[in-house]
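Peer 1: Let's see this in three dimensions:
(2 chains)
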Amino acid sequence: MEAAHGHDHGQGEHAHHPTGFMRWVTTTNHKDIGTLYLWFSFSMFIVGGTLALMLRAELFQPGLQLWEPHFFNQLTTMHGLIMVFGAIMPAFVGFANWQVPLMIGAPDMAFARMNNWSFWLLPPAATLLVVSFFVPGGATAAGWTIYAPLSTQMGPGMDLAIFALHIMGASSIMGSINIATTILNMRAPGMTLMKMPLFVWTWLITAYLLIAVMPVLAGAVTMLLTDRHFGTNFFNAAGGGDPVMFQHIFWFFGHPEVYIMILPAFGIVSQIIPTFSRKPLFGYSSMVYATSSIAILSFIVWAHHMFTVGMPAASQLFFMYATMLIAVPTGVKVFNWIATMWKGSLTFEAPMLFAIGFVFVFSMGGFTGLVLAITPVDIQLQDTYYVVAHFHYVLVAGSLFAIFGGIYYWIPKWTGHLYNEKLGQIHFWLTMVFFNVTFFPMHFTGLAGMPRRIPDYSLQFADFNALSTVGAFGFGLSQLLFLYIVVTCIRSGEKAADKSWEGAQGLEWTVPSPAPYHTFETPPVVK
Amino acid sequence: MTSKLGSTFAAAATAAAALVAGAGAASANQYNLQPPQSMIATQIYDLHTLIMWIIFAIFVLVFGVMTIAIIKHRKSIGHEAQQFHENTTVEIIWTIIPFIILIGMAYPATKTIIAMKDTSSPDITIKATGYQWKWGYDYLQEGVSFYSNLATPRDQIDGHNVEARNKNPNYLLEVDNAVIVPVGKKVRIIVTANDVIHAWWVPALGVKQDAIPGFVRDTWFRADKVGVYRGQCAELCGKDHGFMPIVVEVVEPEKYAAWIGEQKKKSTAQAVALDPAKQWTLDELKAQGEKVYAANCVACHQANGMGLPNTFPALSGSKIAGGDKAAHLDMVLNGKPGTAMAPFKHLSDLEIASVITFERNSWANKTGDMVAPADVKAARK
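Peer 2: Here you go, the predicted structure:
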């Protein structure tokens, strides 16, 4: 701050920017907005997590104990929507806001006011989702995939969810235009594309995925809305429509969407592993190409979510082969991370633990993905708990572990303090153990034939479900420790050095900790 | 509360464990796919086993290397980092090898897909129709039709009779009318739905097909052995998605023929009973209607006619069930678009007439009027 005041830039914005609540409402600063995104994401994570614990409580034993089936379906639906659109996606946008300008040597995001708007659209959207529980008929209970025609049967809660999705989609499109523009136009002199940190690369690719598919989702939910209220028959067979068309449109958005939630995670892990291996990332250019191939392939695999709708054999074969192909670039990434660790000088601070945990457990999710890619096997496993296990392995152990790792990695830069390392490691082990206790048994119940999205199940699934519920509560409670670690790190904690980690590389470690309100007003030169 | 939950859970676990010994019953804590009972299911099972071995080998190899790095290349034992970071040969090798492994997996999978899709020249064709929340079956050549509802008593589900539940090996997997098919014959299942998307799934037979309203899809199986095979609806279809199981009973061909004969006789007898000229009394219709209500309406509107607040409206004292007869009839026949109230056109004239009569003369509703099957027939036009 002192140094910033020394500059002669006439506007004196430091003296005049509002304080208190209005600072956050009116801010156009990428660091403030990054912080807002991250706190928003965490609060949605708590809401979505509470819903998950409510449904796990019902599944603790056979029979209906706590909730009516209709309310149970609301819980599963809203858990999915809130976690995907409220927790995981905004968390990565928060990382992009904080880190992209710092890592490419830019003073702020390209469109600072639009940045403010793209964040402030999210709280109203989240409010619509949460409020929908209290309208007649409750929240939408059609699953997060809101398949027609079940979703056309729903009450007004469905309309609130559609509006929320529209608003969140607009927010995502604005956010991703901002990120892509910043990356393409505001890099420091000398930072060519192939010198960018991998996190920036993955976000550049993710931004393009978002711009490509969010309008598709908006189209799907708009058609749903007009089917519900304005007499159209897009998805109503009785009026000449096709319910399966909804699934095609939804998954054309939905499959790139899962890479939107994992590519930035790949980026974060690709920053952490070299730092704590004290070695440059192995195969940088092949990592860039692998990420791009995954993004391109993500547009031609959507129907693997629909193997049971009854497609012709030729379509099933095409989508099976295309899906299996994704294993190749994904494998390349895992091999590169391990080659980075190989013959390094490894230490195991919390970010590295989460990164290694990510590689290990995400790969298990990748393996089950390969099992599910095989169409005949998928026909047995579609809509079972095996799929639930699979996508929680890639979304929780994948995206969420990377988010935790990224927060521990960069929080010294954000707050100027070191977090409590011991507690951070305990948080990792609790999360890792309870995650597996919760989700590993779901592979077995799925294989044995337990459908997903059911409030009650036959007796042979009782033991594994009880175990999953115990694990889920352990997992949920462990996250309170995370909140404690973050809050204490903000308020107190040891002073962090500018370069907080011995092996850290990159522009963000050349600025003071905490990063001043304005950084890189004069662009650094990258050699 | 806690101790009650604990003890019921313990009882459930014991009951489940006891099931392992029970012949034909699903076994508790099963770690793998159900034992396959058809050629396709066997191929799927073998395919899954093959892939698991491949995955296991890759897992050991890749994470073996990672574990060595974690143990040997740590700073705390003084390992110095080497600065290599590129090797095109290695990158090419670990791109090509996975590709070759994938081809090895794709080959058998392709053969199975083509076999699964071959629904030609079946011995028997059965149409399965998904309803919210039950299955309807039509044996197309034989002209036999029936509905298949969950047979588990409500009091076991809502926890009033936990003991019976814990002793019930087929809890939630039992139906009133099972699909009967002969062993060793190719059965083609034509799948469709009446309201929303459902999915017809019997794991042991390797069959899962979405039931899509307005569209017809098909699948097939040939059961290897006599037995009872149980499955469930696999696509979220609303409130009672978890309560519409599928039971396929595979029997000897002679037994199947006898069963078909019996069913045909039954439907002729029913047709006689349904003589359109018959004059029904209010009490007769009401008694008949109570059964129809229990099979079709009770899940949402509840046995006491009170529905569920804010979710499913009460019928007792309602403006429709206590008011205009024509509006009531229209609601049951055509449903209310945009809500969970589906059209019940698929029920017979008598069923609709009787259930409306029952609703208009039960709980707080004392209209005293009745709807005759002929009224329903007229209203359909």
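Peer 1: which residue packs closest to residue A:23, ignoring adjacent ones?
Peer 2: Nearest non-adjacent residue to residue A:23, counting by Cβ to Cβ, 6 or more residues apart in numbering or on different chains: residue A:17, 6.4 Å away. Glycine gets a C-beta too; all of them are placed from N, C-alpha and C.
Peer 1: burial count for that neighbour?
Peer 2: 15 (other Cβ atoms under 10 Å in any protein chain shown).
Peer 1: Ok, residue B:333 next?
Peer 2: 16.
Peer 1: What distance do you get for it to residue B:270?
Peer 2: Distance, residue B:333 to residue B:270, using Cβ to Cβ, to the nearest Å: 21 Å.
Peer 1: same check, this time on residue A:167
Peer 2: The gap separating residue A:167 from residue B:270 is 55 Å, by Cβ to Cβ.
Peer 1: Comparing the two, which residue is more hemmed in?
Peer 2: Taking other Cβ under 10 Å, residue A:167 and residue B:270 do not tie; residue A:167 has more neighbours (19 against 11).
Peer 1: what sits against the spatially most central residue of chain B?
Peer 2: Closest to where the C-alpha atoms of chain B average out (Cα atoms, centre = their mean) is residue B:233, at 2.4 Å. Residue B:233 sits next to A:451, B:130, B:133, B:135, B:198-201, B:241, B:244-246 when contact means Cβ atoms under 8 Å, 6 or more residues apart in numbering or on different chains.
Peer 1: Equivalent analysis for residue B:130, please.
Peer 2: Contacts of residue B:130 by Cβ under 8 Å, 6+ apart are B:191-200, B:211, B:233, B:237, B:244.
Peer 1: Compare those and tell me which is most surrounded.
Peer 2: Within the contacts of residue B:130, residue B:198 tops the neighbour count with 33 neighbours, counted by other Cβ under 10 Å.
Peer 1: Extract the residue ranges of the stretch 151-300 of chain B that are flagged as low pLDDT.
Peer 2: Scanning the stretch 151-300 of chain B for pLDDT under 70 picks out B:271-277.
Peer 1: can you map out the helices along it?
Peer 2: Along the stretch 151-300 of chain B, the stretches classed as helices by DSSP state H, counting those that start in this stretch are B:154-157, B:162-166, B:253-273, B:282-296, B:298-301.
Peer 1: Could you dump these into TSV with distance to chain A added?
Peer 2: Compiled in TSV, the helices of the stretch 151-300 of chain B are given as follows (distance: least, Cβ to the nearest Cβ, whole Å):
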stretch	distance to chain A
helix B:154-157	6
helix B:162-166	6
helix B:253-273	25
helix B:282-296	17
helix B:298-301	9
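Peer 1: right, and those helices - which one's nearest residue B:357?
Peer 2: Ranking those by proximity to residue B:357 (Cβ to Cβ) places helix B:282-296 first, at 4.1 Å.
Peer 1: how about the closest one: buried residues?
Peer 2: B:282, B:285-286, B:288-290, B:292-293, B:295-296 (16 or more other Cβ atoms under 10 Å in any protein chain shown).
Peer 1: Which strands and helices lie in contact with it?
Peer 2: helix B:349-360 (3 or more Cβ pairs under 8 Å, 6 or more residues apart in numbering or on different chains; DSSP states H and E).
Peer 1: what's the helix it packs on packed up against?
Peer 2: helix B:282-296, helix B:325-334, helix B:373-379.
Peer 1: Format those as a markdown table; extra columns: distance to residue A:443.
Peer 2: Formatted as a markdown table, those follow (distance: least, Cβ to Cβ, whole Å):
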| stretch | distance to residue A:443 |
| --- | --- |
| helix B:282-296 | 37 |
| helix B:325-334 | 44 |
| helix B:373-379 | 50 |
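Peer 1: Go through those and name the closest to residue A:129.
Peer 2: helix B:325-334 (31.3 Å).
Peer 1: Distance from the chain centre to the closest one, please.
Peer 2: Centroid separation for helix B:325-334 versus its chain: 29 Å, with Cα atoms, centre = their mean, to the nearest Å.
Peer 1: is chain A contacted by it?
Peer 2: No: using Cβ under 8 Å from any Cβ of the partner chain, helix B:325-334 never reaches chain A; the gap is at least 11.3 Å.
Peer 1: Return the residues in contact with the residue of the stretch 301-450 of chain A found nearest chain B.
Peer 2: Closest residue of the stretch 301-450 of chain A to chain B, Cβ to the nearest Cβ: residue A:310 (3.4 Å). By Cβ under 8 Å, 6+ apart, residue A:310 lies in contact with B:191, B:209-210, B:212, B:217-219.
Peer 1: which of the residues you listed are close to chain A?
Peer 2: With Cβ under 8 Å from any Cβ as the criterion, the contacts of residue A:310 include B:191, B:209-210, B:212, B:217-219 near chain A.
Peer 1: Going by neighbour count, which of those residues comes out on top?
Peer 2: Greatest neighbour count in the ones next to chain A among the contacts of residue A:310, by other Cβ under 10 Å, goes to residue B:210: 29 neighbours.
Peer 1: distance of that one from residue A:390?
Peer 2: Distance from residue B:210 to residue A:390, by Cβ to Cβ: 19 Å.
Peer 1: do the same with residue A:127
Peer 2: According to Cβ to Cβ, residue A:127 stands 32 Å off from residue A:390.
Peer 1: the more surrounded of the two?
Peer 2: The neighbour comparison of residue A:127 against residue A:390 (other Cβ under 10 Å) goes to residue A:390, with 25 against 12.
Peer 1: what's the nearest residue to that one if we skip its chain neighbours?
Peer 2: residue A:368 (4.2 Å).
Peer 1: and the one you found, what is it in contact with?
Peer 2: A:386, A:389-390, A:393, A:443.
Peer 1: Determine which two of those residues are furthest apart.
Peer 2: Distance extremes for the contacts of residue A:368: the farthest pair is A:386 and A:393 at 10.7 Å, using Cβ to Cβ.
Peer 1: Contact partners for residue A:317?
Peer 2: Counting by Cβ under 8 Å, 6+ apart, residue A:317 touches A:375, B:110, B:113.
Peer 1: one more time with 7 Å
Peer 2: Residue A:317 makes contacts with B:110, B:113, as judged by Cβ atoms under 7 Å, 6 or more residues apart in numbering or on different chains.
Peer 1: Can you read off the pLDDT for it?
Peer 2: At residue A:317, the pLDDT value in this model is 96.
Peer 1: Which of the three states applies to residue A:390?
Peer 2: Residue A:390 falls in the helix class when you classify it by DSSP: H, G, I helix; E, B strand; the rest coil.
Peer 1: That one and residue A:479, how far apart?
Peer 2: Residue A:390 sits 22 Å away from residue A:479, going by Cβ to Cβ.
Peer 1: What distance do you get for whichever residue of chain B sits closest to chain A to residue A:143?
Peer 2: Here chain B gets closest to chain A at one residue, residue B:214, 2.1 Å apart by Cβ to the nearest Cβ. From residue B:214 across to residue A:143, the span is 20 Å (Cβ to Cβ).
Peer 1: now residue A:287
Peer 2: Taking Cβ to Cβ, one finds residue A:287 at 35 Å from residue A:143.
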